[in-house]
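Engineer: next comes the sequence, and after it the predicted model I'd like to discuss.
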Protein chains: 2
Amino acid sequence: MERVSVNLELPQWLWEMTEGKDIFLPEIEDRMKFTIELSSLNVKYRTGGPFGAAVFESETGQLAGAGVNMVVTGGSSVFHAEMTAIMFAQKNTRKFELSNGGNSYDLFASTEPCAMCFGAMPWSGIKRLFCAAKGEDAERIGFDEGPKLPDWEEHLRKRGIEVYTSILRNEATAVLNAYKNTGGVIYNSDFSLK
Amino acid sequence: MERVSVNLELPQWLWEMTEGKDIFLPEIEDRMKFTIELSSLNVKYRTGGPFGAAVFESETGQLAGAGVNMVVTGGSSVFHAEMTAIMFAQKNTRKFELSNGGNSYDLFASTEPCAMCFGAMPWSGIKRLFCAAKGEDAERIGFDEGPKLPDWEEHLRKRGIEVYTSILRNEATAVLNAYKNTGGVIYNSDFSLK
């Protein structure tokens, strides 16, 4: 084996939006607009699939970490937007469990989580999850949500994570549809059960 | 925000085992022994939780990527052994979907996957999953498997992934118990439902 490390780097355009800035978005709707904008720019700059995610400190709305889907460009099936945002937020806050012993954190996702990202939520330390497009909106353009518990929202709530869905759903779904219409890659589609 | 990247580096002892070597383990049992050894050494060298995982090319048994639990030492809740092994195997093979258009790959795990790692399997491109300790063996020492589908094995099979469990279960469980007995950190235990 060759000695390598796995490096996850965000796209250049994302750094241009955030580097050197303290971003505070007190309103929930503004946090979701920012997140959907990430999904849209990821399509525009062809840096990955049509998905964005962001972690904010719940009370102040300070951005703690942003992420986009980088499966193809980053070279790993793990690099979904939510996973990327969680890893960067944990790096920035220096905490592997975000809300442990301190501020409380929210995860915003431009589409509801797939089975993997859902399973990552309880370990991440987020206290609230906000989603825009429904899983079915992503499935309609050919993406696959994976083998998820049918009552996944309830399972997160039982573990102390509040879940809010369909926040600006139309705006997020428009990005998914635009991706499909411009011929974006739908990877992993061979796993689809449809 | 400060410009950072997320870097995942394997422990030094793991490189000493693998660097510059082409490791071929044709027998299933030998692949699992190697994987359990990773979990054991991760405890011995205090580089993370008592979990190991490895990806092998199915036919030849060539090691494609190894991983251990690095949640605390790597600083992210995402860094479970299976996720780490998948990310390194994808890096080494330069494929975000391992078995796509080429050889077939197996994932070996010293303990059955948690909800996140389970959800990661269909996207990873592995074709076979081999597990040693049962989820309940990890739960008995205080770890939490997360909100997993009760018939998770069947869901993977439906997606074309063969699943084999309880391969050298006793050997892997002994590592879990030794970790507990030496006072190893059981992180995320506040999420336990028990």
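Structural biologist: Received it, and whenever you're ready, just let me know what you need. Being a predicted model, the structure only gives us computed values, none of them experimental. Numbers count the residues shown, from 1 in each chain, chains lettered A, B, ... in the order given.

Engineer: in the sheet, who's paired with A:Ala133?
Structural biologist: Applying DSSP bridges to A:Ala133 yields these beta-bridge partners: A:Thr111.

Engineer: quick check: it vs A:Leu63, distance?
Structural biologist: 21 Å (CB to CB, to the nearest Å). Yep, even glycine has a C-beta here, placed from its N, CA and C like the rest.

Engineer: which one's more surrounded, these two?
Structural biologist: Neighbours were counted for A:Ala133 and for A:Leu63 using other CB atoms under 10 Å in any protein chain shown; A:Ala133 has more, 30 against 24.

Engineer: for that one, list the residues it contacts.
Structural biologist: With contact taken as CB atoms under 8 Å, 6 or more residues apart in numbering or on different chains, A:Ala133 is in contact with A:110-112, A:169, A:172-173, A:176.

Engineer: what's the nearest residue to A:Phe88 if we skip its chain neighbours?
Structural biologist: A:Gly65 (3.6 Å; CB to CB, 6 or more residues apart in numbering or on different chains).

Engineer: quick one: the helices in chain A?
Structural biologist: With helices called from DSSP state H, chain A shows them at A:12-18, A:28-44, A:71-74, A:81-93, A:115-124, A:135-140, A:152-158, A:169-181.

Engineer: out of the ones you listed, which comes closest to B:Asn92?
Structural biologist: Closest to B:Asn92 of the helices of chain A is helix A:71-74 (CB to CB; 14.7 Å).

Engineer: for that closest one, which outside residues touch it?
Structural biologist: Here helix A:71-74 makes contact (CB under 8 Å, 6+ apart) with A:8-9, A:11, A:47-49, A:77, A:79-80, A:185, A:187, B:96, B:123.

Engineer: give the buried residues for it.
Structural biologist: The neighbour-count check on helix A:71-74 (16 or more other CB atoms under 10 Å in any protein chain shown) flags A:71-74 as buried.

Engineer: that older thread, what is the nearest of the contacts of A:Ala133 to B:Glu153?
Structural biologist: Of all those, A:Glu112 has the smallest distance to B:Glu153: 24.5 Å, by CB to CB.

Engineer: what distance do you get for that closest one to chain B?
Structural biologist: A:Glu112 sits 13 Å away from chain B when distances are taken as CB to the nearest CB, to the nearest Å.

Engineer: for A:Val78, same thing?
Structural biologist: Plainly put, A:Val78 is 6 Å away from chain B if you go by CB to the nearest CB.

Engineer: contacts only, for that residue.
Structural biologist: Neighbour list for A:Val78: A:116, B:78, B:83, B:86-87, B:90, B:120, B:123-124 [criterion: CB under 8 Å, 6+ apart].

Engineer: if we can go back for a sec, the residue nearest to A:Phe88 contacts A:Ile86, doesn't it?
Structural biologist: Yes: using CB atoms under 8 Å, A:Gly65 is in contact with A:Ile86, at 7.2 Å.

Engineer: out of those two, which sits in the more crowded spot?
Structural biologist: Using other CB under 10 Å as the criterion, A:Gly65 and A:Ile86 rank with A:Ile86 on top: 31 against 26.

Engineer: which ones are touching the more buried one?
Structural biologist: Per CB under 8 Å, 6+ apart, neighbours of A:Ile86: A:53, A:55, A:65, A:67, A:98, A:107, A:120, A:124, A:126, B:76-78.
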